[in-house]
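Novice: please work out how this folds:
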Amino acid sequence: MTTTTLAVLVPLLPFLGAAAGLLLGRTAPGFVRPLAVLPTLTALALAVVVAVRQGGDRAVDAATELTPTGSVPVELALHVDGFAALVAVLVGLVATCVQIYSTGYLRDDPRYPSYAALVSLFTSAMLLVVYSGDLMVLLVGWEIMGICSYFLVGHYWETPEARAASLKAFLVTKLGDVPFLIGLFALATDAGSFRITKILGTVASGGLDHPTLVALLLLAGVAGKSAQFPLHTWLPDAMAGPTPVSALIHAATMVAAGVYFIARLLPVFAASSAALVVLAAMAAVTMAGSAFAALAQDDIKRVLAYSTIGQLGYMTGALAVGDRGAAVFHLLTHGAFKALLFLAAGVIIHAAGTNSLAAMSRMGHLRARIPDAYWTMTVALLALAAIPPFSGFFSKESVLGAAEHVATGHSASIPGAAGWIVLVAGLVSALLTAAYATRLWLLAFRGRGADAPDHGRQPVAMTTVLWVLVAPSLALGGLAYGRLPDWFDGHDLTPTLTTSVLGTGMALVGGLVTYGAWRQTTALATCVPLGAVAAHPDADGGLVEAEAIATHTPAYGDMATAPDPADPGRLLLGPLHRHAAVGFHLDALYTALFVRPVQAGATLVRFLDREVVDTYVRGAGAVPRLLGAAVRRAQTGNVQTYMSALLAGTVVLVVAVLLVAAGA
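Specialist: Next comes the predicted model:
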């Protein structure tokens with residue numbers, strides 16, 4: 001088969017698997033797991049073949065026009081370059097791992113058939129975004145991912161947290177999609193086409209009339225989809241969904257779509273210096289703010305959620321300095337180690353006997369019970385902290401190197417301010433990332449919390465997937481550096497000395513300081529009876545005794561347990577901790593600025609509808625009703641009454657006629 005045919009089959013197979021899974025989920029439950037795994041696995045194999053055939057050479061393009069629109073045409077177009085080929089392999093790999101993992105994680109879930117079908121549909125939509133050469137077709141996959149995330153985040157719809165999280169994810173992303181859609185139409189109007197290649201040709205020839213406006217409109221949709229400041233608040237709450245879904249959303253779909261979109265249309269953004277500075281500022285706030293928030297979270301999945309937001313900030317930062325190679329490189333490595341982190345966290349949660357959340361401060365003695373999660377998560381955390389030679393070091397260093405290149409004035413087309421913003425924020429975030437990664441590892445595996453119930457060995461499907469993902473988390477960075485430049489438009493991925501030393505040094509400082517803070521809090525906590533009181537920082541950052549700790553947590557079911565008081569995050573953040581723990585009160589701010597005014601407006605509209613509009617409606621109905629009642633009284637059925645009325649009427653008419661005649 002031709003490369004074009006294979007590329008068409010890549011998103012088509014998971015879609016067919018999703019349709020078959022929905023149709024046969026109840027009538028033939030034995031086919032559910034094969035229909036979940038095999039189409040996605042086959043799509044992965046075909047994506048690998050497409051990548052090998054493409055080989056980083058000239059892009060594969062094919063198109064056929066759909067029904068004529070009368071204006072800007074919509075084409076079913078395919079565009080597979082090196083970036084698309086590699087991202088499709090990542091999506092297929094993570095989706096396959098998630099589907100295999102889910103067969104064990106959700107083996108007793110009664111809604112597993114619909115869950116598996118939605119994961120396949122989610123995968124198909126992302127692959128459509130990756131391979132699409134037309135913005136309208138891309139938009140189809142973009143919106144399908146939005147509705148799939150709504151259903152998957154709300155999988156445990158019995159809980160109010162899941163219902164609220166799914167609704168919030170849907171509404172916040174749709175808020176960004178409104179200007180995004182306007183931007184797409186404006187872009188297509190200037191270019192006369194939705195085809196990405198034609199749009200880029202228009203940009204190259206200077207035919208884009210309003211580049212700054214278009215770029216900012218598109219950026220709003222990207223901020224919502226990729227959870228960038230200020231539309232990032234939905235992603236931490238989305239942790240109420242199943243952990244494998246979190247891995248899929250964070251590693252290879254949904255949030256990766258926005259970054260990939262900018263990478264595909266980077267010349268549109270590069271046409272406006274103002275848009276690049278805005279993108280750099282957004283990335284900087286996202287990187288630093290999310291890192292502080294991650295350092296204050298107690299739930300392991302929320303730590304990873306804020307981590308994803310920050311790492312996506314690195315990617316958008318690379319795009320802000322005009323280096324899409326560095327952005328996609330970090331997208332690939334992050335997809336591997338972040339999927340591993342979430343799936344390892346799922347093993348921890350599964351070992352604790354719950355499918356929802358897990359508080360790190362209440363964990364204890366898990367290293368010996370789940371060695372697979374311990375070793376694989378250690379590798380993933382080292383990659384996240386960008387410690388060489390793990391994959392995250394190479395990709396994060398490429399981002400910092402690109403920012404340093406622009407900041408030092410080596411790029412005439414990119415504002416130097418964007419380079420400095422990204423470089424400084426990236427180095428600060430490197431320190432904070434290593435700090436919260438170290439904290440997570442210490443609390444999760446060396447914590448002093450009570451033992452969770454032992455639920456036996458974890459399913460083989462879950463632990464095997466972890467070891468599969470270790471390979472790219474460990475070696476993908478070095479492989480890309482040595483073997484994959486052709487897939488990155490010939491981009492040089494060689495680490496630079498200055499940023500390598502600075503980035504690694506900041507990471508080591510962050511890890512060592514966190515370890516020292518943990519040792520200090522642990523020493524103090526040993527003087528406190530576990531389960532009685534905890535330690536927290538006073539106004540000066542020192543540790544003082546706190547109030548008695550509650551003995552119940554939903555993370556471990558009904559088991560009475562006490563949290564570990566040795567939390568280095570409290571000591572490191574000091575008074576900032578309580579603000580960072582709630583995401584710097586952005587949700588409260590949005591509630592005050594948007595939610596409450598909308599609710600007040602809805603209350604006013606309801607009052608006007610019921611008390612004003614309905615009053616007129618009821619009045620309009622009362623008059624005919626009264627007239628009908630009067631007429632009904634006249635209909636007695638008595639012939640004598642009718643004759644008397646007829647005679648009286650005749651007399652009245654005669655008198656009236658005579659009076660008129662006399663007057664004349």
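Novice: all strands of the stretch 451-600 of the chain, in order?
Specialist: In order along the chain, the stretch 451-600 of the chain carries the following strands (DSSP state E, counting those that start in this stretch): 533-537, 543-548.
Novice: rank those by mean pLDDT and give me the bottom one.
Specialist: Among the strands of the stretch 451-600 of the chain, strand 543-548 carries the lowest mean pLDDT, a mean of 37.
Novice: so where is the stretch 301-450 of the chain shaky, pLDDT-wise?
Specialist: Flagging of the stretch 301-450 of the chain using pLDDT under 70 yields the residue ranges 352-358, 364-365, 448-450.
Novice: how about the residue most central in space within the chain: what's its closest non-neighbour residue?
Specialist: By C-alpha atoms, centre = their mean, the chain has its centre lying nearest to Val255, at 4.3 Å. Distances taken as C-beta to C-beta, 6 or more residues apart in numbering place Ser226 nearest to Val255, at 4.8 Å, with adjacent residues excluded. C-beta: built from backbone N, CA, C; applies to glycine.
Novice: give me phi/psi at the one you found?
Specialist: Main-chain dihedrals, Ser226, degrees, to the nearest 10: phi -100, psi 10.
Novice: is the residue nearest to the centre of the chain in contact with Leu248, as I believe?
Specialist: No. Using C-beta atoms under 8 Å, Val255 makes no contact with Leu248, being 10.3 Å away.
Novice: which secondary element of the protein has the worst mean pLDDT?
Specialist: strand 543-548 (a mean of 37; mean pLDDT, DSSP states H and E).
Novice: show me where this protein has its strands.
Specialist: Listed in chain order, the strands of the chain (DSSP state E) span 60-65, 75-80, 533-537, 543-548.
Novice: against which helices or strands is the first one packed?
Specialist: So that's strand 60-65. In terms of contacts (3 or more C-beta pairs under 8 Å, 6 or more residues apart in numbering; DSSP states H and E), strand 60-65 is packed against helix 3-24, strand 75-80.
Novice: how big is the angle separating the longest one from strand 60-65?
Specialist: So that's helix 3-24. Orientation check (axes from the mean of the first three to the mean of the last three C-alpha atoms, to 10 degrees): helix 3-24 against strand 60-65 gives 60 degrees.
Novice: show me what counts as buried in helix 3-24.
Specialist: Buried residues in helix 3-24, counted by 16 or more other C-beta atoms under 10 Å: 3, 6-15, 17-18, 20-22, 24.
Novice: same deal with the shortest one?
Specialist: Buried residues in strand 75-80, counting neighbours by 16+ other C-beta under 10 Å, are found at 75, 77-80.
Novice: name the helices or strands packed onto that strand?
Specialist: Using 3+ C-beta pairs under 8 Å, 6+ apart, the elements in contact with strand 75-80 are helix 3-24, strand 60-65, helix 112-131, helix 135-153, helix 196-204.
Novice: averaged pLDDT, it. What do you get?
Specialist: Here the average pLDDT along strand 75-80 is 92.
Novice: got the contact list for that strand?
Specialist: Residues outside strand 75-80 that contact it (C-beta atoms under 8 Å, 6 or more residues apart in numbering) are 3-4, 7-8, 50, 54, 59-66, 88, 131-134, 137, 193-197.
Novice: ok, Ala284 touching Gly313?
Specialist: Yes. Between Ala284 and Gly313 there is a contact at 7.4 Å, judged by C-beta under 8 Å.
Novice: where does the prediction get shaky in this protein?
Specialist: Checking the chain against pLDDT under 70 turns up 352-358, 364-365, 448-456, 480-485, 490, 525-565, 664.
Novice: switch to 50 and redo it
Specialist: 355-357, 530-562 (pLDDT under 50).
Novice: which residues are in contact with Thr253?
Specialist: 91, 94-95, 122-123, 125-126, 145.
Novice: might one say that Ser411 is in contact with Gly322?
Specialist: Yes. Between Ser411 and Gly322 there is a contact under C-beta under 8 Å: 6.6 Å.
Novice: between those two, who's got more neighbours?
Specialist: Taking other C-beta atoms under 10 Å, Ser411 and Gly322 do not tie; Gly322 has more neighbours (22 against 17).
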